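Undergrad: with the sequence up front, the predicted model follows.
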Amino acid sequence: MGKRLEAVEKTLDRQKLYTLENGAALLKKHATAKFDETAELHIRLGIDPKQSDQQVRGTINLPHGTGKTKRVAVVAKGEKQKEAQSAGADAIGADDLIEKISKGFMDFDVLVATPDVMRELSKLGKILGPRGLMPNPKSGTVTFEVANAVKELKAGRVEFKADDSGIVHLAIGKASFPEASLVGNARTILEAIVKAKPSSSKGVYLKSITLSSTMGPGIHLDPAQKY
């Protein structure tokens, strides 16, 4: 542990579970890197991710955005391409864009597609799948509502999903955000995760919640706080 983190650790009570509001204040206080650190939320859930009926996944619109404008590519045909363009998509096409991606084009953060092109796009599963870029109806990226999808993604729509250990990792903004914005984004995410609790999950659902910045310490929040 470096001297900076050692000094930071001395200011934290490791036996204490902080409120979300206090946690946001501490995150900002300790985000002292020379760049605008990302604020992150890590939630350990009381689920068995190996069970198909205990998957926790969804999308949510962060009220204060993520602090990063996503590059959105759209695979669609005809009028849907015009809708994508008017909504501000960064790359648009049909078979031509699919071919371009197959040859290595990856200048986008999210890929949106209309249902009628998924058959052709699915051929790129080995390219897009490992990168988490394959459009999926559950994440709202396979849709005929192209304009709405592009606008929401650029405004701050994010996807959450529990990993193989039952933990959700998600960026909730930047350390430069006002405390109220960090709290608002975090609360929105936690409320969505609580609503997504599988009916087959028994016992404690929110096991632990940790708030941190890219280079900062983990701040343990009280999972019993009402969200």
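TA: Thanks, I have it. Residues are numbered from 1 along each chain as shown.

Undergrad: can you give me the distance of Ala175 to Ser181?
TA: Noted for Ala175: a distance of 11 Å to Ser181, by Cβ to Cβ, to the nearest Å. Heads up, the C-betas are built off the backbone N, CA and C, glycines and all.

Undergrad: and the two? Which one has more around it.
TA: More neighbours surround Ala175 than the other of Ala175 and Ser181, with 23 against 20 (other Cβ atoms under 10 Å).

Undergrad: next up, phi/psi of the closest residue to the more buried one other than its chain neighbours, please.
TA: Distances taken as Cβ to Cβ, 6 or more residues apart in numbering place Ala31 nearest to Ala175, at 3.5 Å, with adjacent residues excluded. Per-residue torsions, Ala31: phi -90, psi 80 (degrees, to the nearest 10).

Undergrad: wait, doesn't Ala31 sit right on Glu179?
TA: No: Ala31 is beyond contact range of Glu179, at 11.8 Å (criterion: Cβ atoms under 8 Å).

Undergrad: neighbour count winner among the two?
TA: Counting neighbours by other Cβ under 10 Å for Ala31 and for Glu179 shows that Ala31 has the greater number, 21 against 16.

Undergrad: from Asn185, how far out is that one?
TA: Counting by Cβ to Cβ, the gap from Ala31 to Asn185 is 15 Å.

Undergrad: state the pLDDT value of Val158.
TA: On pLDDT, Val158 comes in at 88.

Undergrad: and it, what is it in contact with?
TA: Counting by Cβ atoms under 8 Å, 6 or more residues apart in numbering, Val158 touches Thr59, Ile60, Leu62, Thr66, Leu170, Ala171, Ile189.
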